[in-house]
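Q: quick one: sequence and predicted model below, then my questions.
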Amino acid sequence: KSLLTRLFSAILSVMLIMGILPISALADNGAAGKTTVVNPSFEEYLEPSTEISGWTCGEGFEVKKGDAKEGKLALTYSADAEGKATSSEIALAANGEYVFSAWVKVENGGKAELKLIGDAQIAALDTSDAANGEWVSLTKSFTADKAQNARIELTASGNVKFDDISVRKITREVVNKVKN
């Protein structure tokens, strides 16, 4: 650790011992920052184009109005065969803590997989709890073992909807509260 970091830690310790700084002032809020995914809710889409900003989609994928979890549009997949969609690259920092999340709606026996892939698979969202016909929030926390670029890979068969897909870096901060 740097001299400045050790000095700051020592000052905080003395303030805690003397009662000047309550322990609650060192709260770890674990807040997730802004998503690094381009077009996470598929709102950047101009009809009748099949181009979806930030995504490369195979046959069977399209953006539809109406039954979206967030905003007005959702990415839908409707085909018996398996199809894939891939996000643009997402930069991950070495040792960065992240939350990978999405809203998924599986209908009529459809199936979905959501993976974050860099040099290898980094994280996957478990869709086994996706209720038939209901939007389900899926979340997975992970730490990037090294700096790398990654992509989200969506795999679907049957009838599936995706919305608000994100990878957010968790920020940690010291809350400065002084005991009066």
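A: Looks like it arrived, so ask away.

Q: show me where this protein has its strands.
A: For the chain, strands defined by DSSP state E occupy the ranges 31-35, 55-57, 61-65, 73-87, 90-92, 97-117, 121-125, 135-143, 148-171.

Q: okay, and for the protein, where does confidence drop off?
A: Within the chain, the set of residues satisfying pLDDT under 70 comprises 1-35, 45-50, 173-180.

Q: how about a cut-off of 80?
A: Along the chain, segments meeting pLDDT under 80 span 1-36, 39-41, 45-51, 128-132, 172-180.

Q: picking that back up, I'd like the strands of the chain as TSV, with mean neighbour count and distance to residue 42 appended.
A: Yep, even glycine has a C-beta here, placed from its N, CA and C like the rest. As requested, those are arranged in TSV below (neighbours: other C-beta atoms under 10 Å; distance: least, C-beta to C-beta, whole Å):
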stretch	mean neighbour count	distance to residue 42
strand 31-35	14	13
strand 55-57	19	8
strand 61-65	17	5
strand 73-87	19	5
strand 90-92	19	16
strand 97-117	20	11
strand 121-125	18	17
strand 135-143	15	14
strand 148-171	21	7
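
Q: so which of the ones you listed gets nearest residue 41?
A: Across those, the minimum distance to residue 41, taken as C-beta to C-beta, is reached by strand 148-171, at 5.1 Å.

Q: CA atoms only: put the closest one into CSV for me.
A: Provided in CSV are the C-alpha atoms of strand 148-171 (Å, rounded to 0.1, in the frame of the first residue of the first chain):
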residue,chain,number,x,y,z
GLN,A,148,-10.4,-7.6,-20.9
ASN,A,149,-13.1,-6.9,-23.4
ALA,A,150,-16.3,-9.0,-23.1
ARG,A,151,-19.6,-9.5,-24.9
ILE,A,152,-23.0,-10.6,-23.7
GLU,A,153,-24.3,-13.6,-25.6
LEU,A,154,-28.0,-14.3,-25.7
THR,A,155,-29.2,-17.7,-26.8
ALA,A,156,-32.9,-18.4,-27.2
SER,A,157,-35.4,-20.9,-28.5
GLY,A,158,-39.2,-20.7,-28.5
ASN,A,159,-40.7,-17.4,-27.3
VAL,A,160,-38.4,-15.3,-25.2
LYS,A,161,-38.2,-11.5,-24.4
PHE,A,162,-35.1,-9.7,-23.1
ASP,A,163,-35.0,-6.2,-21.6
ASP,A,164,-32.7,-3.9,-19.5
ILE,A,165,-29.6,-6.0,-19.9
SER,A,166,-26.7,-4.5,-18.0
VAL,A,167,-23.2,-4.9,-16.7
ARG,A,168,-22.5,-2.3,-13.9
LYS,A,169,-19.3,-1.7,-12.0
ILE,A,170,-19.9,-1.7,-8.3
THR,A,171,-18.5,1.4,-6.6
